[in-house]
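In: this is a predicted model, with the sequence first.
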Amino acid sequence: MLSIRAAVAINPFRCITRIVSTIQLCKRDVSKLSYFHKPGKEPLLTWTVGDVIDRATDVFGDTTAMVYTHQSISKTYTEYGKDVDQLAAGLVSLKLPVGSRVAILAPRLYEGAQLLYAAPKAGLVMVGINLTCSVTELEFCLNMAECPALIIGDKFTTKDYYQMLLQIAPELENSSPGELNSKRLPFLKHLITIGDTRKPGSMTFDDLMNSVTAEDYATMNSLSTRVQFDQDAFIQYSSGTTGQPKPARLSHFNVVNNANILGRFVGYHEQRESICVNSELIHGSGRTMGVLAATLFGSTIVMAGPTFLPKLVLEVITKHRCTMVYGSTTLFFAMVRDLEEGVHDVSSVRKAIMGGSLCNPATIEKAIASLNAQHLYIVYGASETSPVITCTNPGEPTDRWIRTLGTPLDHVEVKVVDAEGRMVPWNMRGELCTRSPYVFNGYLNNEAMTKDAIRDNWYYTGDEVTMSEDGRITFVGRIKEMINFKGFKVAPLEIENILNTHPDVEEAQVLGVPDERTVEKICAWIKLKSDKSLSQKDITDFCEEKELPEIKVPEFVLFVDSFPRTHTGKVQKNKMREESIRIFNL
């Protein structure tokens, strides 16, 4: 080892620079910076997704695994595992290249639950496409993932997926099953339709299930054993609230461990639950928090319906005596409203998990009182984090967690940084970054986007937060949604929380709209409670009564019956902004 004298002789400038940097680092009190690490007590698993269902079939065989109420389907783990293997063998029969991707575009159906495990067992990657996608988005998603096979449901609300495909690939009508040759969808060869009707150029799901041979089963078993836990298991497209969907690559290691750690945190390992699920399985909430976590611990999934139907959720809870319910904040908001009618019995519910977007404290308190659940968990994360990285602890006093996103799960590191990427002191606003076994493998076929999102192994969430010394994170807002008013950064959430306390307001959303003089002005979209009426002056007066600073009082107010949302319930502020510009002629 060189002495300091020798080092200086070799390169005095570099050595002096390093000594000065070291002295500055010593002066800086790192303990006061916003960084928190929660080491894991539970070891990480090296299982594949296929290992999870195989183990569940052996351990929980006669336990009910799946109940799809709207399809009149109930399956034990033995039956579910058998259906998964049959579909996996069917996929093998298509002779798809190992590691290729099979997409699904369908509402909440049992066939999707089969595919979740069947695709990985067949050596394939499952790609979920958002139900509300446009024709343009569907073309983009299929081509970006280079999907040779697509499974579609019949229809979703007003969308006819087969007709949407015909707009992109008119060659489908004159193609034989498995032999599509499309100019605009060059990778797609196989179309599988869920339902009894055979459409030109496609085969039905039942045809695929019934086409398997003993050789297909043998090949499937061989492929399943060759899958590695660090390989991609799922491609999850972001929900598209701010732009074009981004394809996040999630490994077996990501999702299995996220499901295991979250499942243990909420107590799946202590008691088998009957879980009312209200999310598509293509998303982290339905896939990881729902099916994977339930399968790991032998709990039962009860799917309430093909899509977002809050009243049906309450009926299902009442009929099936579900012990746990989870879904988006939008679902809980609607459930609280519908429970006021007093016709549903939700006394069986012991736990509830809320996620998807931030919910105002008033609604959380109403959910606690209405559901009478012993534990309400608020989870936070992203498609890119498998999805959960933080969770509240309902064992603590309510006022400690109700306005926060909780603290990190086991094995998670978090830090809060400024615009230069430097950690900020405790309780100072900045961007939340995370590093953990749950962070994705990058965006598919987009190295530039991946490098922007993952820097020095840290995933930059795009969310502005503050963090206390005990790792408790408080959400401020999406950085892209911050309102720039004369150089001041205004958080929409602060204004929304005040407006949502008005007794006549059912829900409020706030956004920025362009202005030449101030850069942006504040616009509020407000949905009133039934039979209530307010004016913009009423809203302005209310804000003044609540002592909201003048620069944060909305200049534009729009009273609406609903908000544009993704099919997962997230408000689409980009569309609200476009509509506001049109309505107010900005």
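Out: Arrived safely.
In: S348: neighbour count?
Out: 16 (other Cβ atoms under 10 Å). (Glycine included, C-beta is placed from N, CA and C.)
In: distance-wise, check it relative to V277.
Out: With distances taken as Cβ to Cβ, to the nearest Å, S348 is found 15 Å from V277.
In: kindly report the same for L116.
Out: In terms of Cβ to Cβ, L116 sits 12 Å off from V277.
In: and for the two, which residues touch both?
Out: V291 (Cβ atoms under 8 Å, 6 or more residues apart in numbering).
In: hmm, who's touching stretch 528-548?
Out: By Cβ under 8 Å, 6+ apart, the list of residues contacting stretch 528-548 reads 495, 498-499, 501-502, 504-506, 524, 526, 552-554, 557, 559.
In: go again using 10 Å as the cut-off
Out: For stretch 528-548, the surrounding residues in contact (Cβ atoms under 10 Å, 6 or more residues apart in numbering) are 337, 494-495, 497-499, 501-508, 524, 526, 549-550, 552-561.
In: filter the residues you listed down to the ones in helices?
Out: Using DSSP state H to define helices, the subset of the contacts of stretch 528-548 located there is R337, E494, I495, N497, I498, L499.
In: skipping its backbone neighbours, what lies nearest the fifth one in space?
Out: This means I498. K546 (5.0 Å; Cβ to Cβ, 6 or more residues apart in numbering).
In: one more: I378?
Out: Per Cβ to Cβ, 6+ apart, closest to I378 is T392, 4.4 Å.
In: check contacts around the one you found.
Out: So T392 contacts 353-354, 364, 375-380, 398, 400-402, 404-407, 472-473 (Cβ under 10 Å, 6+ apart).
In: which of the residues you listed count as buried?
Out: The neighbour-count criterion (16 or more other Cβ atoms under 10 Å) marks 353-354, 364, 375-380, 401-402, 404-407, 472-473 among the contacts of T392 as buried.
In: ok so, going back, how many residues are close by the residue nearest to I498?
Out: 14.
In: same check, this time on M144
Out: 21.
In: what pairs with the residue nearest to it when sequence neighbours are not counted across the strands?
Out: Closest residue to M144 apart from its sequence neighbours, by Cβ to Cβ, 6+ apart: P247 at 5.7 Å. Taking DSSP bridges, one finds Y237 as the beta-bridge partners of P247.
In: from now on call the first residue 428
Out: Yes, from this point I'll number from 428; that puts the last item at P674.
In: so P674 touches E564, yeah?
Out: No. Counting by Cβ atoms under 10 Å, E564 is not a contact partner of P674; they are 11.7 Å apart.
In: identify the contacts common to the two.
Out: Shared contacts of P674 and E564, counting by Cβ under 10 Å, 6+ apart, come down to Y664.
In: of the two, who's got more company?
Out: Higher neighbour count among P674 and E564: P674, with 23 against 17, using other Cβ under 10 Å.
In: for the more buried one, which residues are in contact?
Out: Counting by Cβ under 10 Å, 6+ apart, P674 has contacts 528, 554-555, 567-568, 571-572, 662-665, 810, 867, 869-873, 876.
In: ChimeraX command to pick out the buried ones of those?
Out: Typed into ChimeraX, the line below selects the buried ones among these, using 16+ other Cβ under 10 Å:
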select :528,554,555,567,568,571,572,662,663,664,665,810,867,869,870,871
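In: next step: the contacts of P674 restricted to helices.
Out: Per DSSP H, those map to helices at F567, C568, M571, M876.
In: where does G754 land in three-state SS?
Out: Following DSSP: H, G, I helix; E, B strand; the rest coil, G754 is assigned to strand.
In: ok, how many other residues are close to the closest residue to it other than its chain neighbours?
Out: In this structure, G754 finds its nearest non-sequential neighbour in N705, 3.4 Å apart by Cβ to Cβ, 6+ apart. Using other Cβ under 10 Å, N705 is surrounded by 31 other residues.
In: what sits against N705?
Out: 535, 712-713, 717, 729-732, 734-737, 739-740, 743, 752-755, 757-759, 762, 783, 995-996.
In: pLDDT score for E943?
Out: Looking at E943, its pLDDT reads 87.
In: measure it to R830 for me?
Out: Distance from E943 to R830, by Cβ to Cβ: 36 Å.
In: neighbour count: those two, which is higher?
Out: R830 (16 against 6).
In: may I have the phi/psi pair for that one?
Out: phi -110, psi 20 (degrees, to the nearest 10).
In: what helix or strand is V683 on?
Out: If you go by DSSP states H and E, V683 is part of helix 679-692.
In: list the contacts of A731.
Out: 494-497, 535, 703-705, 737-744, 747, 749, 752, 754, 758.
In: how much space separates it from V704?
Out: 7 Å.
In: same deal with V773?
Out: 15 Å.
In: these two - which one has more neighbours?
Out: Neighbour tally, V773 and V704, criterion other Cβ under 10 Å: the higher count belongs to V704, 27 against 20.
In: the more buried one pairs with what?
Out: M730, Y753.
In: in the stretch 528-677 of the chain, where is pLDDT below threshold?
Out: 666-670 (pLDDT under 70).
In: which stretches in the stretch 778-927 of the chain count as strands?
Out: In the stretch 778-927 of the chain, the segments counted as strands under DSSP state E, counting those that start in this stretch are 778-782, 802-808, 815-818, 834-835, 839-844, 857-862, 881-882, 885-894, 900-905, 910-912, 915-917.
In: give me the neighbour count for the nearest residue to D587 once chain neighbours are set aside.
Out: Spatially, and ignoring its direct neighbours in sequence, D587 is nearest to D581 (7.8 Å; Cβ to Cβ, 6+ apart). As a burial measure, D581 scores 16 neighbours (other Cβ under 10 Å).
In: kindly report the same for P976.
Out: The burial count for P976: 12, using other Cβ under 10 Å.
In: do the one 10 residues further on as well
Out: Burial of F986, expressed as a neighbour count using other Cβ under 10 Å, amounts to 16.
In: out of the strands of the stretch 778-927 of the chain, which gets nearest to I480?
Out: Comparing those by their distance to I480 (Cβ to Cβ), the top pick is strand 815-818, with 20.9 Å.
In: show me the domain layout of this structure.
Out: Using automatic domain parsing, the domains assigned to the chain come out as 431-459, 476-484+502-654, 674-906, 909-1010.
In: low-confidence stretches in the stretch 678-827 of the chain?
Out: 783-785.
In: 80 instead, please
Out: 735, 757, 767-769, 783-790, 799 (pLDDT under 80).
In: just the strands from the stretch 528-677 of the chain, written as ranges.
Out: 528-532, 552-555, 576-579, 582-583, 586-587, 617-620, 630-631, 659-664, 674-678.
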